[in-house]
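A.B. asks: What would the 3D arrangement of this be:
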Amino acid sequence: MKRLIYFIVFILCFGSALPILAVKVDEDGTYVIIETAGYKVSWKKAAQMGYMQAFVTGSKESLIGTAGRAFYHSSDYGGWKDWGAMMKWNIVEEKPGLAVVKYMSKDAGQKEYTCVAYYYDSVPYIKHEVTVTAAGDVTSFQSGHEPMWEVNTDIDGMEIGNQPFPLVVYWSKEGFFAGLYGPDAQQSRKHGWGGRDPGRMDLLHDNQGKQLKKGESQTITYYVAFGKGKQKDATEMARNVQKEPGLKAVTPVGTLTTNWGWIKGKR
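C.D. replies: Here you go, the predicted structure:
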């Protein structure tokens with residue numbers, strides 16, 4: 001009886017602190033699928049690899065429209081060359097509140113790409129570390145479009161910002177937003193595309209580019225976000241994206257964490 005009482009007391013006192021892997025990573029034949037308390041995103045395996053679907057929790061509509069490509073990197077050297085199909089992927093780290101996933105691809109020229117993405121359960125932004133490794137003599141980052149995001153769906157607006165660093169965001173009729181945030185970038189842009197104006201956006205990292213010999217590499221860091229809110233919420237997020245969030249595991253479907261509250265509370 002005493003052992004049972006001790007066990008019950010332990011569960012009541014420490015049960016809520018037991019680790020829960022609240023960032024879920026899975027795959028099917030088409031996508032690598034990541035789900036957190038705030039969003040569910042699908043990373044396309046075929047060319048061009050990258051995010052192809054993104055649902056904010058509670059929404060039935062993807063922030064990204066279905067098309068041949070949506071989120072990817074591309075450079076113009078002897079013609080435009082995009083990310084190709086994903087060669088392989090793996091989970092680098094997995095613990096309560098965080099999953100780190102590595103995706104590998106190459107373009108049709110001399111660049112091999114490694115994208116390491118940090119998915120946090122407690123915040124709506126994702127850290128991306130993208131490395132170009134040269135398969136021959138080539139400039140690491142050039143011609144913009146690193147990264148490029150083709151929205152492929154109707155939106156309410158898209159805006160460029162420059163403080164505290166280049167960013168570009170868009171929002172939809174349901175009040176959801178998505179964005180690119182570039183602490184290493186020199187410029188953000190929006191473009192007409194697919195009959196929509198604007199219909200796509202990108203970050204320029206040309207000033208980070210280096211002349212690489214075979215086997216040499218160069219890395220940039222930027223952030224992607226999927227969240228609830230509109231223009232003001234999306235632009236204000238730039239003040240927070242470089243902060244390492246305090247990890248807090250919650251169930252993937254349920255109430256939002258307190259850290260998510262800083263953005264949701266502004267609506």
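A.B. asks: where in the stretch 101-250 of the chain is pLDDT low?
C.D. replies: The stretch 101-250 of the chain contains residues with pLDDT under 70 at 247-250.
A.B. asks: isn't Met86 right up against Lys102?
C.D. replies: No - applying Cβ atoms under 8 Å as the test, Met86 and Lys102 come out as separate, 10.5 Å apart. For glycine as for every other residue, the C-beta is placed from the backbone atoms N, C-alpha and C.
A.B. asks: Pick out whichever of these two has more residues nearby.
C.D. replies: Using other Cβ atoms under 10 Å, the more surrounded residue of Met86 and Lys102 is Met86, with 22 against 16.
A.B. asks: helix/strand/coil for that one?
C.D. replies: In three-state terms, and counting by DSSP: H, G, I helix; E, B strand; the rest coil, Met86 is coil.
A.B. asks: do you know how far it is from Thr30?
C.D. replies: 11 Å (Cβ to Cβ, to the nearest Å).
A.B. asks: what touches both of those two?
C.D. replies: With contacts defined as Cβ atoms under 8 Å, 6 or more residues apart in numbering, the residues shared by Met86 and Thr30 are Lys44, Lys45, Ala46.
A.B. asks: Any quick ChimeraX command for the buried ones out of those?
C.D. replies: Here is the ChimeraX command that picks out the buried ones among the shared contacts of Met86 and Thr30, judged by 16 or more other Cβ atoms under 10 Å:
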select :44,45
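A.B. asks: of the shared contacts of Met86 and Thr30, closest to Glu236?
C.D. replies: Distance to Glu236 across the shared contacts of Met86 and Thr30 (Cβ to Cβ) is lowest for Lys44, with 29.8 Å.
A.B. asks: give me every residue that touches that closest one.
C.D. replies: Residues in contact with Lys44, defined by Cβ under 8 Å, 6+ apart, are Thr30, Tyr31, Gly50, Tyr51, Met52, Ala70, Met86.
A.B. asks: Once you drop chain neighbours, what's closest to the last one?
C.D. replies: Residue nearest to Met86 in three dimensions, not counting chain neighbours: Met49, with 4.2 Å by Cβ to Cβ, 6 or more residues apart in numbering.
A.B. asks: and the one you found, how many residues sit next to it?
C.D. replies: Residue neighbour count, defined by other Cβ under 10 Å, stands at 26 for Met49.
A.B. asks: quick one on the thing from earlier: what is the nearest of the shared contacts of Met86 and Thr30 to Gln110?
C.D. replies: Taking Cβ to Cβ as the measure, Gln110 lies nearest Ala46 of the shared contacts of Met86 and Thr30, at 21.6 Å.
A.B. asks: What secondary structure category should be reported for the closest one?
C.D. replies: Ala46 is classified as coil under three-state DSSP.
A.B. asks: doesn't Val32 make contact with it?
C.D. replies: No - using Cβ under 8 Å as the test, Ala46 is too far from Val32 to be in contact (11.7 Å).
A.B. asks: Same list (the shared contacts of Met86 and Thr30) but as JSON lines, adding pLDDT.
C.D. replies: Shown next, in JSON lines, are the shared contacts of Met86 and Thr30 (pLDDT from 0 to 100):
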{"residue": "Lys44", "pLDDT": "97"}
{"residue": "Lys45", "pLDDT": "97"}
{"residue": "Ala46", "pLDDT": "96"}
